[in-house]
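Novice: need a structure here:
(one chain, ligands or ions: 1)
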Amino acid sequence: MRITILTLFPSVINEYINSSIIKRAIDNDNCAIEVVNFRDFSENKHKKVDDYQFGGGGGMVLSLQPIVDAIKFYKKENSKVILLTPSGKKYKSSFAKELSLEKHLIFIAGHYEGFDERLNNYVDEEISIGDYVLTGGELPALVIVDSIVRLIPNVISKESLISESFEDNLLDYPVYTKPIDFEGHKVPEVLIGGNHKSIEEFRYKSKLAKTKLNRYDLYKEHIKNKKGINNE
Ligand code: ADE
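Specialist: This next block holds a predicted model:
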């Protein structure tokens, strides 16, 4: 997979993608990531990328020309262009799976007040990572890139992907390591016993309890789907 990130702050992106699992994925040719400063595309003699908004109101708006020219330069037939904005569709695990199958993703990370609405004519998808407003799209771009890259075959072990949060609308089960007793907090006995059926049961019950407590919306979905399966 190829990923292109258009941003005014390439160093923020580069710092992250040049570490840990993403760096390994790049080094192993599982993916290629190019980070582009769309200011370089500005035709303005001062390399300006924003302007005042029509109709009044505070804050600057990112101009179309530099971003659209950057999109046109990098976009190929198989590219999907994604705009990071708090007004986009809410990002979730199923979205990550879909995007991980794409050949080329172009992310646009903006700053300032926002994008000129007409940018939508050049974009395939608008995505928000949650119901809060950040100062820019760099962190959302990294959140999405990170969640996608780990799903590319051979980036992390298949085993790690089999049971993880959000599969079947359940959060992940709790994990423990040594020591068995830490300041009186003990590892559940069932995990030490080696009875695989009991361990599986324990993990499923733990997932249910945690999801019910922290994400009642997902819990309801899980129960609904389970009933559906049992009724078939
Ligand atoms: N830019 C600013 N806030 C954002 C958010 N919540 N999601 C995506 N892009 C953003």
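Novice: where does this structure come near the ligand, residue by residue?
Specialist: Residues of the chain lying near the ligand by C-beta under 6 Å from any ligand atom: 84-86, 128-130, 132-134, 137, 140. In short, each C-beta sits where N, CA and C put it, glycine included.
Novice: Could you name the specific helix or strand carrying residue 171?
Specialist: Residue 171 belongs to no helix or strand when assigned by DSSP states H and E.
Novice: picking that back up, mind checking which of the residues of the chain next to the ligand are buried?
Specialist: 84-86, 128-129, 137, 140 (16 or more other C-beta atoms under 10 Å).
Novice: Show only the entries of these found in strands.
Specialist: Of these, the ones assigned to strands by DSSP state E are 84-86, 128.
Novice: State the pair within those that is farthest apart.
Specialist: Using C-beta to C-beta, those reach their maximum pairwise distance at 84 and 86, which is 8.7 Å.
Novice: Common neighbours of those two, please.
Specialist: Common contact partners of residue 84 and residue 86 (C-beta atoms under 8 Å, 6 or more residues apart in numbering): residue 128.
Novice: C-terminal to the helix or strand of the chain with the lowest mean pLDDT, what's the next element?
Specialist: Across the helices and strands of the chain, mean confidence by mean pLDDT, DSSP states H and E is lowest for helix 158-162: a mean of 81. Remark: after helix 158-162, the chain's next helix or strand is strand 181-182, criterion DSSP H and E.
Novice: Does residue 43 belong to a helix, a strand or coil?
Specialist: coil (DSSP: H, G, I helix; E, B strand; the rest coil).
Novice: can you list contacts of the longest helix that the chain contains?
Specialist: When the chain is parsed with DSSP state H, its longest helix is helix 196-214. Residues from elsewhere that reach helix 196-214, judged by C-beta under 8 Å, 6+ apart: 163, 169-174, 188, 190-191, 193, 218-219, 222.
Novice: again, 7 Å this time
Specialist: Contacts with helix 196-214, where a contact means C-beta atoms under 7 Å, 6 or more residues apart in numbering, come from 170-174, 188, 190-191, 218-219, 222.
Novice: and it, which residues are buried?
Specialist: Applying 16+ other C-beta under 10 Å to helix 196-214 flags 199, 202-203, 206-208, 210-212 as buried.
Novice: Then stretch 8-27?
Specialist: Under 16+ other C-beta under 10 Å, the buried positions of stretch 8-27 are 8-10, 12-13, 16-17, 22, 25-26.
Novice: May I see those residues arranged in CSV, with pLDDT and secondary structure as well?
Specialist: Shown next, in CSV, are the buried residues of stretch 8-27 (pLDDT from 0 to 100; DSSP: H, G, I helix; E, B strand; the rest coil):
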residue, pLDDT, secondary structure
8, 97, coil
9, 97, coil
10, 98, helix
12, 96, helix
13, 98, helix
16, 96, helix
17, 97, helix
22, 96, helix
25, 97, helix
26, 97, helix
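Novice: Let's have those residues in TSV, adding distance to residue 90.
Specialist: What follows is the buried residues of stretch 8-27, written out as TSV (distance: C-beta to C-beta, whole Å):
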residue	distance to residue 90
8	25
9	24
10	27
12	23
13	22
16	22
17	24
22	23
25	25
26	28
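Novice: Now for those residues: which two are most distant?
Specialist: It's 8 and 25 that sit farthest apart of the buried residues of stretch 8-27, by C-beta to C-beta, at 24.9 Å.
Novice: in this protein, which residue is closest to the centre?
Specialist: Nearest to the mean C-alpha position of the chain, counting by C-alpha atoms, centre = their mean, stands residue 144 at 2.1 Å.
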